[in-house]
Structure formats: structure tokens, C-alpha cells
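A.B. asks: what's the 3D shape of this:
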Amino acid sequence: MSDTTISPAALRHVCPNLSAADAARIAAGLGEAFTRYGITTERRAAMAVAQWAHESANFRTSREYASGAAYEGRKDLGNTRRGDGVRFKGRGRIMITGRANYAAMGKALGLDLTAHPELLERSPYSELVSGQWWKDHGCNELCDKDDFVGLTRRINGGLNGLADRQLLYGRARQVDLRPHT
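C.D. replies: Model (predicted):
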């Protein structure tokens, strides 16, 4: 890991629920992910923090609250083995879901995430996997077009939680969330 971080104080401005220690830990993971995946402009960083904060309950969790049973047997997610739904439920800040996504993200990050899916619950892996997914799905390009609604659809598949995402984005635009050393 590098010494790159984002400002923990700026992160707490967006998510005041975070303790100083949690903000510092998550900010370090975000700094690494943002640097690695080109989330380095003010707009990209603000949009990423807003979206990731919404998906992770204001950075309170990196594991989906639901059991994952709803994903059981979902072949579109690669959940072909009994127990895959629960085993590969949403994790990371952006909530990576399904055996196929865990395998792809693990390959990209050099981690065996199918054997150890729980790694995505810990920083910096929760932030790095979210950054990898972000890059792979063209999210920076949507940020550059200032297409927050399109970005929400890309991440969520719909517009669930749009008002909260916009509120978080408004807060994120008030501070500098770009990575620095």
C-alpha cells in the first residue's frame, strides 16, 4: 500500500457518523483506490464518495446487511453452487455481488476472493475492489460527463436511493476528496 490517502476530515464532512479512527482507515483505502483507478479529479472523487457512501450505509459497513439468500441460484451472478448467494453477497464499498464478480475482481487484484470472500469486508480491500469495479464499468467517464443519474444507474441498476446519493454528493462537493500524499 502507498502513503496516498484522502482527507479523513473531508470524509467525515460527508459522513459525520464516522469516528476519527474509522475515517482515517477508510480514507487511506480510498486514497489508494482513487490513485490506482484514476479517481483523481474533484468531480470523480466527490461522485465516488457519494455513491460508495450510499452503497455502504455511509461507510458503516462493507458487507451487505441482507443474508444474500435472494442471490441463491442466480446464474447471471455466477451463483451456480449451493450456498453461493449467501457466500458471495454484496461486499466492498460498492457491494460486489456473486461468485463470477468475486472471481473477476480477485483475478484483477491478485486475491483468491472465491476462497476468502470476507477479505472484501476489510480496508483497503473493500475500497480497492470498489475502485476496480468502478474502472471496469466506465464510471470515471460518466463522472467526466457530469452524469450522476447515469452513474447511479450503472452502479445500482436503477435509481434506488437517488435522493440520498444526491445529498451525499452535495456534501462531497463542499470539500476536497482527491488523493494526496
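A.B. asks: Which segments of the chain make up each domain?
C.D. replies: Domain segmentation of the chain under automatic domain parsing yields 8-61+122-172, 69-120.
A.B. asks: any idea how far the longest one is from the chain center?
C.D. replies: Taking Cα atoms, centre = their mean, to the nearest Å, one finds the center of domain 8-61+122-172 at 6 Å from the center of the full chain.
A.B. asks: Is Ser126 in contact with Gly90, as I believe?
C.D. replies: No. Between Ser126 and Gly90 there is no contact under Cβ atoms under 8 Å: 10.9 Å. Any C-beta I mention is one placed from the backbone N, CA and C, and that applies to glycine too.
A.B. asks: show me the contacts for Gln174.
C.D. replies: His13 (Cβ atoms under 8 Å, 6 or more residues apart in numbering).
A.B. asks: outside of the longest helix along the chain, which residues touch it?
C.D. replies: What stands out as the longest helix in the chain, according to DSSP state H, is helix 20-36. For helix 20-36, contacts defined as Cβ under 8 Å, 6+ apart pick out 1-2, 4-9, 11-12, 15, 18, 39-40, 44-45, 48-49, 52, 59, 123-128, 130-131, 177-180.
A.B. asks: Alright, calling it a day.
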